[in-house]
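K.L.:
Give me a model of this one.
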Amino acid sequence: MITSFISHPDCDLHHMGPEHPESPLRLEAIRARLALSGLLQQTMQSEARPASEEELARVHPLRHLRALDKCVPETGIVTLDSDTLMNPDSLSAARVAAGAVIRGVDQVYRGQADNVFCAVRPPGHHAEATDAMGFCFYNNVAVGAAHARARHGVRRIAILDFDVHQCNGTIDIFKDDPDILICTSFQYPFYPWRYLRSEWQNVVNTPLEAGTDSAAFRKAIEDDWLPALHAFKPELVLVSAGFDAHREDPLAELCLEDEDYYWITRLALDIAALYADNRLVSVLEGGYDLDSLGRSVEAHVKALLGLPFEQ
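P.N.:
You can find the predicted model right below:
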């Protein structure tokens, strides 16, 4: 299996202050862990390009994009909401984060890679069509899905989100779209407090109580996601890879282990192998304890590479 690793130096330029958990140190921790383990050297490394306004506008209205542009400060940091702050480089980082998913989709459809991990920030799955929120400006995975349709004619796309927070932005953009299946697991009740009880046919919600452990998580995923995925038969699998459901993460109260991320990545790869000619593109979402984030991404990339899980 050829695994592509896509990132960009501009992702490190976005910062929201020294105390904010969504910091450039997250990508540093990932790169250091993957390099130390030798996994980074086994991937095909490439650099993202910025998503264009046209590519972003497939999921975010132009008026919203231009309103965001007007918020960018010349210096310092401005606040969009209590969680989401912007410095002069924030939207440059957000454009390459979304562009990484576009490049990943192109790579799997051109046969350059079997699967892709986009190590980018800011994350995207809370960004709704007309609302930046939850550390997110543009919805990276949604931009990638829209590109797959527009450029490659993909009809059925599965978006799998195992972040500890529900992907309200992805649901907002694709709710009631029969050609997009969204499977999302999340701590409940918990941020973002919207769409948690959505009734849309194309959304599979897997709410998890605080304290949920590995066994309960795996059973819930198998019970909820697998029947829907086998019925849907996706031509492309996109993954919103959040690692903040780990037991060591400070922002939530689920109790997943490193190996759970290997397990769920294998599950996603099995679906991609069955129905999508192995095509899978993953993009980083949450994960805020630097040590467990590095280990969890290591487990994720091991699975993508087809390597066994070993601690």
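
K.L.:
What about residue 155, how many residues nearby?
P.N.:
Residue 155 has 11 neighbouring residues, counting by other CB atoms under 10 Å. All C-beta spots, glycine's among them, are computed from the backbone N, C-alpha and C.

K.L.:
no wait, residue 305
P.N.:
As a burial measure, residue 305 scores 16 neighbours (other CB under 10 Å).

K.L.:
and the gap between it and residue 105?
P.N.:
According to CB to CB, to the nearest Å, residue 305 stands 19 Å off from residue 105.

K.L.:
pLDDT weak spots in the stretch 201-311 of the chain?
P.N.:
Judged by pLDDT under 70, the stretch 201-311 of the chain has its weakly predicted residues at 311.

K.L.:
Helices of that one, residue ranges please.
P.N.:
Assigned helices in the stretch 201-311 of the chain, in chain order: 214-232, 258-275, 290-305 (criterion: DSSP state H, counting those that start in this stretch).

K.L.:
Give me whichever of those is most buried.
P.N.:
Among the helices of the stretch 201-311 of the chain, ranked by average contacts under mean count of other CB atoms under 10 Å, first place goes to helix 290-305 (a mean of 23).

K.L.:
any idea of the angle that helix forms with helix 258-275?
P.N.:
On the basis of axes from the mean of the first three to the mean of the last three CA atoms, to 10 degrees, helix 290-305 is oriented at 30 degrees to helix 258-275.

K.L.:
ok, back up a step: mind putting the helices of the stretch 201-311 of the chain into a markdown table with distance to residue 65?
P.N.:
Output for the helices of the stretch 201-311 of the chain, formatted as a markdown table (distance: least, CB to CB, whole Å):
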| stretch | distance to residue 65 |
| --- | --- |
| helix 214-232 | 30 |
| helix 258-275 | 30 |
| helix 290-305 | 30 |
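
K.L.:
In the protein, mark out all the strands, start to finish.
P.N.:
Shown for the chain, the strands assigned by DSSP state E span residues 3-7, 44-47, 78-79, 85-86, 115-118, 157-161, 180-187, 203-208, 236-241, 280-284.

K.L.:
residues making contact with the longest one?
P.N.:
Read that as strand 180-187. Strand 180-187 is contacted from outside by 145, 156-167, 170-171, 174, 196, 202-210, 212, 217, 220-221, 224-225, 228-229, 232, 234, 245, 252-254, using CB atoms under 8 Å, 6 or more residues apart in numbering.

K.L.:
Averaged pLDDT, it. What do you get?
P.N.:
Taken as a whole, strand 180-187 has a mean pLDDT of 98.

K.L.:
Partner strands of that strand and their direction?
P.N.:
Using DSSP bridges, strand 180-187 pairs in its sheet with strand 157-161 (parallel), strand 203-208 (parallel).

K.L.:
go on, the third one?
P.N.:
Strand pairing for strand 78-79, determined by DSSP bridges: strand 85-86 (antiparallel).

K.L.:
Kindly report the same for the second one.
P.N.:
Partner strands for strand 44-47, per DSSP bridges, with pairing direction: strand 3-7 (parallel).

K.L.:
how long is stretch 175-188 end to end?
P.N.:
This stretch, stretch 175-188, spans 20 Å end to end (CA to CA, to the nearest Å).

K.L.:
change the start of the numbering to 10 and stick with it
P.N.:
Sounds good: first residue 10 from here, last item stretch 184-197.

K.L.:
related to what we said a few turns ago, type out the ChimeraX command that picks the buried ones from the contacts of strand 189-196.
P.N.:
The ChimeraX selection below is limited to those of these classed as buried (16 or more other CB atoms under 10 Å):
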select :154,166,167,168,169,170,171,172,173,174,175,176,179,180,183,205,211,212,213,214,215,216,217,221,226,230,233,234,238,241,243,254,261,262,263
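
K.L.:
how about residue 211, what does it touch?
P.N.:
Taking CB under 8 Å, 6+ apart, we find residue 211 in contact with 183, 184, 185, 186, 187, 189, 190, 191.

K.L.:
With residue 21 instead?
P.N.:
For residue 21, the contact set (CB under 8 Å, 6+ apart) comprises 33, 36, 37, 102.

K.L.:
Can I get those in TSV including pLDDT?
P.N.:
Converted to TSV, the contacts of residue 21 look like this (pLDDT from 0 to 100):
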residue	pLDDT
33	98
36	98
37	98
102	98
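
K.L.:
Could you point out which of the helices of the stretch 210-320 of the chain sits nearest residue 82?
P.N.:
helix 299-314 (27.2 Å; CB to CB).

K.L.:
neighbouring contacts of the closest one?
P.N.:
When contacts are defined by CB under 8 Å, 6+ apart, helix 299-314 is touched by residues 10, 12, 14, 34-35, 38-39, 41-43, 46, 48, 51-52, 124, 126, 128, 250, 252, 255-258, 267-268, 270-271, 274-275, 278, 289, 291, 293, 296, 317-319.

K.L.:
at 7 Å what do you get?
P.N.:
Here helix 299-314 makes contact (CB atoms under 7 Å, 6 or more residues apart in numbering) with 10, 12, 34-35, 38-39, 41-43, 46, 48, 51, 124, 126, 250, 252, 255, 257-258, 267-268, 270-271, 274-275, 278, 296, 318.
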